Structure formats: C-alpha cells, structure tokens
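Undergrad: no sequence on this one, just coordinates:
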C-alpha cells in the first residue's frame, strides 16, 4: 500500500476544497461520505494491521490480526452513525490541520446499547464523539493494538500551503 501518498493527496484535496469555496462563496465542499469512509478504512488497515473486507460489506469493514470483526468509522465532524451493531468499533477523527486521532477503540455492544433505541434515519443511528469517549471510560474493553502511527498530514508542502492561505 502506498500509504505514504495519502498525506499529500489529502493536502491536494483540501486545496481543491478551499479553491471551490473561494469560487462559490457561501457553499461548503466538505469531503464526506464514501471518500472519508474509504480513507478511514485505508488508514485503519495501515495503522492497526487490519485486513479489509470487500467494500460495502454489511456490518463490518475489516478483521484484526486476532480475527476480530471491526467496523471502522472516520469523521471530520462531531459524530458518527451506525446502521448495525458490530463486534468491535474503531472510530477515528480527521482534523485537516492536526491529522488523524483515535476516538473509540472497543466493543461495539455498549455503543449499540446507547443508540439502538434511537429512531433511525435511513437505518443510520448517530452518536457523538463525546458520547463515545464517555463509553470508552465507563465500559472499557480490549482495544485493537495500533502497530504504526497514523500517516502525518503535515508534510512540508502542506505546511507551506497552509501558511499561504492563513
């Protein structure tokens, strides 16, 4: 996997987003949906040594080296949404200036317990990152070991670019 290319590509993506937002004032061009989901899966595969399942596989996205089924979520916002319960949930956050961070890495059961009663929005049940952090503290479970650091977004080219627009 050419994971080393991801930071530069993300920097280019945000350059395009910034330019689009300059051209069309008042409109947001936030990368989301499948793009962010697939990016999260690629980063999790690299950083946690996961084996990805087929794209759009129901309920889980990957398996751990210990053969645990894992649902992976990446967000740039303040929440994620789940459609199904899962064996293990890995939630990552992407801040365009700070990079990737881990929000939740544990059993999916206590998370589903918190949201299963909520009305689904197209089968999606949202949960905030704040709630996920609380669940991690109150219901600790065995995390999947991170074997490599997250790819750093702040390479020299990205830093130069950010200095130009700030």
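TA: Looks like it came in fine. The structure presented is a predicted model; accordingly, all values stated were derived computationally and were not measured.
Undergrad: out of everything not next to it in sequence, what's closest to the residue nearest to the spatial centre of the chain?
TA: With distances taken as C-alpha atoms, centre = their mean, the residue of the chain nearest its centroid is residue 74 (1.3 Å). Spatially, and ignoring its direct neighbours in sequence, residue 74 is nearest to residue 40 (2.5 Å; C-beta to C-beta, 6 or more residues apart in numbering). For the C-beta atoms, the positions are set from N, CA and C on the backbone; glycine is no exception.
Undergrad: Would you agree that neighbour is in contact with residue 101?
TA: No - contact criterion C-beta atoms under 8 Å: residue 40 and residue 101 do not qualify, at 11.9 Å.
Undergrad: Mind checking which of these two has more residues around it?
TA: residue 40 (22 against 12; other C-beta atoms under 10 Å).
Undergrad: Residues in contact with the helix or strand hosting that one: which ones?
TA: Using DSSP states H and E, residue 40 sits in helix 34-48. Helix 34-48 has contacts (C-beta atoms under 8 Å, 6 or more residues apart in numbering) with 1, 3, 6, 10, 50-52, 55, 61-62, 64, 70, 72-76, 90, 92, 94, 100, 144-151.
Undergrad: One more: stretch 77-89?
TA: By C-beta under 8 Å, 6+ apart, stretch 77-89 touches 58-60, 64, 68-71, 73, 91, 104-109, 111-112, 115-116, 120-121, 123-130, 132, 144.
Undergrad: Give the rounded mean pLDDT of that stretch.
TA: Per-residue pLDDT over stretch 77-89 has a mean of 95.
Undergrad: quick one: the helices in the chain?
TA: 6-23, 34-48, 109-115, 129-138, 156-165 (DSSP state H).
Undergrad: List the buried residues in the third one.
TA: Spelled out, that is helix 109-115. 109, 110, 111, 112, 114, 115 (16 or more other C-beta atoms under 10 Å).
Undergrad: Likewise for the second one?
TA: Residues 36, 37, 39, 40, 41, 42, 43, 44, 45, 46, 47, 48 are the ones in helix 34-48 that count as buried (16+ other C-beta under 10 Å).
Undergrad: what angle separates that helix from helix 6-23?
TA: 160 degrees (axes from the mean of the first three to the mean of the last three C-alpha atoms, to 10 degrees).
Undergrad: Check the offset of helix 34-48 from the chain's centre.
TA: With C-alpha atoms, centre = their mean, to the nearest Å as the basis, helix 34-48 stands 7 Å off its chain's centre.
Undergrad: got any ranges where the protein has weak pLDDT?
TA: In the predicted model of the chain, residues 1, 120-122, 154-166 satisfy pLDDT under 70.
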